[in-house]
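Peer 1: Whatever this is, show me its structure:
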Amino acid sequence: MTHQSQIQKQNTPAQASSKASVEAQNLKSYRIEASITNPETRTGHERGNLHDYHVAIDRTKANGRARNFWRQGYWVEVYDNETNELMAGPIDPDAALPSYIV
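Peer 2: Numbering: from 1, shown residues only. All right, here's what the predicted structure looks like:
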């Protein structure tokens, strides 16, 4: 084995670890909130409107949870869990569910 191939072999685990770290940082976390009233029409700090919420670490799970809340008759909003940016919603439980949520 040459000296160069030994160096490459030694760097492989570090590179794999670095790649996994970068991929973990790229995961987006979503917060799905289910409310009993339209979030757009609330004034002030009305209490008791948030029925439940769920945090999902990928789009598939976020979409599934949003659909589940909507089927139960709740207003649904989807936020970026890190920045609190509204990604989708509010979704009216009496209207058609959008084909694309997040």
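Peer 1: can we go C-alpha only for contacts and neighbour counts from here?
Peer 2: Noted.
Peer 1: so what's A62 closest to, chain neighbours aside?
Peer 2: Once flanking residues are discounted, A62 sits nearest to A56: 5.3 Å by CA to CA, 6 or more residues apart in numbering.
Peer 1: neighbours of that neighbour, just the number please.
Peer 2: Using other CA atoms under 10 Å, A56 is surrounded by 19 other residues.
Peer 1: quick one: it from P98, how far?
Peer 2: 19 Å (CA to CA, to the nearest Å).
Peer 1: Over to Q72?
Peer 2: For Q72 relative to P98 (CA to CA), the value is 16 Å.
Peer 1: got it, and Y79?
Peer 2: 16 Å.
Peer 1: The two: which has the busier surroundings?
Peer 2: Ranked by neighbour count (other CA under 10 Å), Y79 and P98 place Y79 first, with 20 against 12.
Peer 1: Bridge partners for the more buried one, pull those for me.
Peer 2: R31, L86 (DSSP bridges).
Peer 1: And for W75?
Peer 2: Going by DSSP bridges, W75 forms beta bridges with S35.
Peer 1: show me the contacts for it.
Peer 2: A34, S35, I36, T37, N38, P39, F69, P90, I91, D92, P93 (CA atoms under 8 Å, 6 or more residues apart in numbering).
Peer 1: which two from these end up farthest apart in space?
Peer 2: Farthest pair in the contacts of W75 (CA to CA) is P39 and F69. Separation: 14.7 Å.
Peer 1: So which of the two has more stuff around it?
Peer 2: F69 (22 against 19).
Peer 1: Which elements pack onto the helix or strand where that one lies?
Peer 2: Under the criterion of DSSP states H and E, F69 resides in helix 59-71. With contacts defined as 3 or more CA pairs under 8 Å, 6 or more residues apart in numbering; DSSP states H and E, the packing partners of helix 59-71 are strand 30-35, strand 50-56, strand 75-80.
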